[in-house]
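Student: Predicted model and sequence follow; I will ask about them next.
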Amino acid sequence: MVVVLLVVVAVVTAAWAYSKYRHSYWWASGVTTAPGSLPFIGHTHKFLSRKHPRWLFIDQVYKNLGDSKFCGFYEQLKPSLMVAEPDLVKTVLIRDFDHFVDRRRVKFTSERDEIFNQLLSRASGDHWRSLRSILSPNFTTGRMKGMFNLVALKADALLDYINRKLKTQQMITLKRCFGLYTLEVISSCAFGMETNSLADENSVFNTMTENLFKPPTTAMRIKYILFRMYPQFCEALKINFTQPEIDFFKEVVQEALEQREKGGHRGDFLDLMMEARDNNKKESAIGSLKYPVTNSTVAAQSVLFLLAGYDTTANALCFTTFLLAQHPEQQQRLRRELKELILRHDTFTYQAIMDANYLDACISESLRLYPPAHFTERQCTKQYRLPGTDVVVPRSTMVFVPIWSLHHDPRYWSQPSAFLPDRFLPENRDKVVSAAYLPFGLGPRNCIGMRFALMEAKLALAKVFLEFEVSCVPGQDHLILSQQLGLMRPSSDLSLVFTPLDKH
Ligand code: HEM
């Protein structure tokens, strides 16, 4: 009995000492370590806490850094690093990008998740470079103009949806309404389908999407934690990461592709991807390509549009609309600009939307205050020495950028908590400290959908604010954020009063 006890004590002591040793990496390198690390777990419990959102924990650490430009963390036993100063952020995301090409590497081995290995956002190294160069031409200004009319039809459907709701109620639930809008836009542009979700909220497409994005169940949370903490274990056991709904979307794109092969083009994202696939086929006929574009690559990127563009854009629309309801003066000013634009252009053309400086300023300021993607990260792909220091970042270390904290730092923003769109007007733009503002990330691996998201969001806001006066529900003029892990989101029942405006 005594021997067993001694063995247990020895094993526990050795394990504890090993954890201590692994957790001394930053201390030994002379780097400040964030408080709150636990043996074996490191700071993972802080990152995954639902009670205390990740951005607030990171912000507490960020505020205590003083003049230090970075801070060490531990994910289980592995060191990770926060880079917390705009110049260093630029160095990592742009100048020394070849050391930080990848995101967190997870290999999905289950059949259902196989598609995830082909997503641009998950791909690594040369595979990512190849996909990015194929996809980038689909997001140019010219391509956005080409898709503008498809998006405009959906913005009109959004107005119909709101008007229909207002026949029986005064309040509109923001997430529902903008979620349906972004879904309609994505189904039209990326899946090549008219799903009419704004006309029929119970459409299969909407039900499937809501299931895909619903708050995770306990089982899903456990899986998420497992994937984060023990990716190799999940790989080996071929554990499914996604919900079964993903199969539905794969089938939808497959069917749309078959339909398109028979003829009928719409100038949408699916057409552009098929064009890229055909060009790629010609190239592979000349020489063998390591990463050929197949129908499954096309399907993966359509699914990515949904995963990366649905919730993010809908949340940005909710935040901007809520802020404008909280600030009636700014709302009036926006409406004046929109009316002038309509007088000049007759209708909301692509150019009119691009000319709307105050609209741009309002959405930019909203993305500053509430960036849906509140942090971004890269994996170190080649050992790296932080410039001007002896600190070595080992290969495979995760390096992250605290977007939310940079957006709220009084060193870069006067009155950081106030909604002041003027700071983003063209005459003030040069005062914005670059890399202290990065709602779409930065550098070669920034958000590829930025132009599309802004076009989609601006068009919806322009149409909504020209048609309705939007105000807070009495007694509910504070924005409540969702506790769900992941993106920064408003609570799902956040509502506003919409009052139709007299057009004469
Ligand atoms: C307001 C809406 C959106 C916001 C705030 C947003 C934000 C971001 C951010 C912060 C990143 C990480 C960038 C980095 O690490 O430097 C990102 C990546 C990405 N976003 Fe967006 N995004 C939005 C909409 C969209 C849309 C509509 C699409 C549609 C295609 C999209 C596709 C992507 C993709 C594919 C990546 C990964 C890029 C890569 O790894 O090469 N996003 N986004």
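Tutor: Received, thanks.
Student: contacts and neighbour counts: CA atoms only from here.
Tutor: Noted.
Student: of all of the stretch 101-250 of the chain, which residue lies closest to the ligand?
Tutor: Ranking the residues of the stretch 101-250 of the chain by distance to the ligand (CA to the nearest ligand atom) places S121 first, at 3.6 Å.
Student: Quick check: residues of the stretch 101-250 of the chain near the ligand?
Tutor: Listed as neighbours of the ligand in the stretch 101-250 of the chain under the rule CA under 6 Å from any ligand atom: L120, S121.
Student: same thing with the stretch 301-450 of the chain?
Tutor: Going by CA under 6 Å from any ligand atom, the residues of the stretch 301-450 of the chain near the ligand are 305, 308-309, 312-313, 316, 371-373, 376-377, 439-442, 445-450.
Student: Those residues in helices, which ones?
Tutor: With helices identified by DSSP state H, the entries of those that belong to them are F305, A308, G309, T312, T313, A316, M450.
Student: so which pair among the residues you listed is furthest apart in space?
Tutor: F305 and A316 (15.8 Å; CA to CA).
Student: Please say which of the two ends up with more neighbours.
Tutor: Set side by side, F305 and A316 give different neighbour counts by other CA atoms under 10 Å, the larger being at A316 (26 against 18).
Student: contacting residues for the more buried one?
Tutor: Residues touching A316, when contacts are defined by CA atoms under 8 Å, 6 or more residues apart in numbering, comprise I363, S366, L367, Y370, P371, P372, A457.
Student: just the residues you listed now: which is nearest F47?
Tutor: Distance to F47 across those (CA to CA) is lowest for P372, with 16.3 Å.
Student: Skipping adjacent residues, who's closest to the closest one in space?
Tutor: Closest residue to P372 apart from its sequence neighbours, by CA to CA, 6 or more residues apart in numbering: M488 at 4.5 Å.
Student: do F400 as well
Tutor: Taking CA to CA, 6+ apart, and ignoring the residues beside it in sequence, F400 has E377 as its nearest neighbour in space, at 4.1 Å.
Student: Now for that neighbour: which residues touch it?
Tutor: With contacts defined as CA under 8 Å, 6+ apart, E377 is in contact with R103, R104, M398, V399, F400, V401.
Student: ditto for Y358
Tutor: For Y358, the contact set (CA under 8 Å, 6+ apart) comprises R333, L334, E337, P421, D422, L425.
Student: Rebuild those residues as a markdown table, extending it with neighbour count.
Tutor: Formatted as a markdown table, the entries for these read as follows, by neighbours: other CA atoms under 10 Å:
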| residue | neighbour count |
| --- | --- |
| R333 | 12 |
| L334 | 23 |
| E337 | 18 |
| P421 | 18 |
| D422 | 17 |
| L425 | 16 |
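Student: And stretch 424-444, what's buried?
Tutor: By neighbour count with 16 or more other CA atoms under 10 Å, stretch 424-444 contains the buried residues F424, L425, A435, A436, Y437, L438, P439, F440, G441, L442, G443.
Student: Might you calculate how far that stretch sits from the centre of the chain?
Tutor: Taking CA atoms, centre = their mean, to the nearest Å, the mean C-alpha location of stretch 424-444 is offset from the chain mean by 17 Å.
Student: Quick one: residues in contact with it.
Tutor: Applying CA under 8 Å, 6+ apart, the set of residues contacting stretch 424-444 from outside is 85-87, 89-90, 93-94, 97, 357-358, 360-362, 364-365, 367-368, 371-374, 376, 403, 406-407, 412, 422-423, 446-447, 450.
Student: can you check stretch 340-352 too?
Tutor: K145, F148, A356, L459.
Student: Now for these, which sits with the most neighbours around it?
Tutor: By neighbour count, taken as other CA under 10 Å, the most surrounded of the contacts of stretch 340-352 turns out to be L459 (23 neighbours).
Student: May I ask which helix or strand encompasses it?
Tutor: helix 450-467 (DSSP states H and E).
Student: Give me the angle between the very next helix or strand once past that helix and helix 450-467.
Tutor: The first helix or strand that comes after helix 450-467 along the chain, using DSSP H and E, is strand 468-472. On the basis of axes from the mean of the first three to the mean of the last three CA atoms, to 10 degrees, strand 468-472 is oriented at 100 degrees to helix 450-467.
Student: export strand 468-472 as PDB, just CAs?
Tutor: The C-alpha coordinates for strand 468-472 follow below in PDB (Å, rounded to 0.1, in the frame of the first residue of the first chain):
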ATOM      1  CA  PHE A 468     -37.400  53.400 -41.600                       C
ATOM      2  CA  GLU A 469     -36.700  55.400 -38.500                       C
ATOM      3  CA  VAL A 470     -35.100  53.000 -36.100                       C
ATOM      4  CA  SER A 471     -35.200  53.400 -32.300                       C
ATOM      5  CA  CYS A 472     -34.500  51.500 -29.200                       C
END
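Student: Show me how far that strand is from its chain's centre.
Tutor: The gap between the average C-alpha position of strand 468-472 and the chain average comes to 27 Å, counting by CA atoms, centre = their mean.
Student: could you say what helices and strands it packs with?
Tutor: Helices and strands touching strand 468-472, by 3 or more CA pairs under 8 Å, 6 or more residues apart in numbering; DSSP states H and E, are helix 295-326, strand 495-500.
Student: For the chain, just list every one of the strands.
Tutor: 70-75, 78-83, 171-173, 376-379, 384-385, 392-393, 398-401, 468-472, 495-500 (DSSP state E).
Student: who are the neighbours in contact with the one residue sitting closest to the centre of the chain?
Tutor: Of all residues in the chain, the one closest to the mean position by CA atoms, centre = their mean is A373, 4.5 Å from it. When the contact criterion is CA under 8 Å, 6+ apart, the partners of A373 are T312, I403, P439, F440, L487, M488.
Student: Compute the distance between the third one and T140, please.
Tutor: From P439 across to T140, the span is 19 Å (CA to CA, to the nearest Å).
Student: repeat for I172
Tutor: Between I172 and T140 the computed distance is 34 Å (CA to CA).
Student: which sections of the stretch 1-150 of the chain are below the confidence cut-off?
Tutor: Low-confidence segments of the stretch 1-150 of the chain, defined by pLDDT under 70, are absent.
Student: Then the stretch 151-300 of the chain?
Tutor: In the predicted model of the stretch 151-300 of the chain, residues 284-289 satisfy pLDDT under 70.
Student: Helices of that one, start to end?
Tutor: If you assign secondary structure with DSSP state H, counting those that start in this stretch, the helices in the stretch 151-300 of the chain sit at 174-189, 204-213, 218-229, 231-237, 245-261, 269-286, 295-326.
Student: angle of the longest one against helix 174-189?
Tutor: The reference is to helix 295-326. With the same axes, to 10 degrees as the basis, helix 295-326 and helix 174-189 are set at 150 degrees to each other.
Student: tell me which residues in helix 295-326 are buried?
Tutor: Of the residues in helix 295-326, those scored as buried under the neighbour-count criterion (16+ other CA under 10 Å) are 297-306, 309-326.
Student: Stretch 222-230 now?
Tutor: In stretch 222-230, the ones that count as buried by 16+ other CA under 10 Å are K223, Y224, L226, F227, R228, M229.
Student: just stretch 42-61 next, same as before
Tutor: With burial defined by 16+ other CA under 10 Å, the residues of stretch 42-61 counted as buried are 42-48, 53-55, 58-59, 61.
Student: show me the contacts for P137.
Tutor: By CA under 8 Å, 6+ apart, P137 lies in contact with R143.
Student: State the distance from the closest residue to F70 other than its chain neighbours to the ligand.
Tutor: Once its chain neighbours are removed from consideration, F70 has its nearest residue in V83; the separation is 4.5 Å (CA to CA, 6+ apart). With distances taken as CA to the nearest ligand atom, to the nearest Å, V83 is found 13 Å from the ligand.
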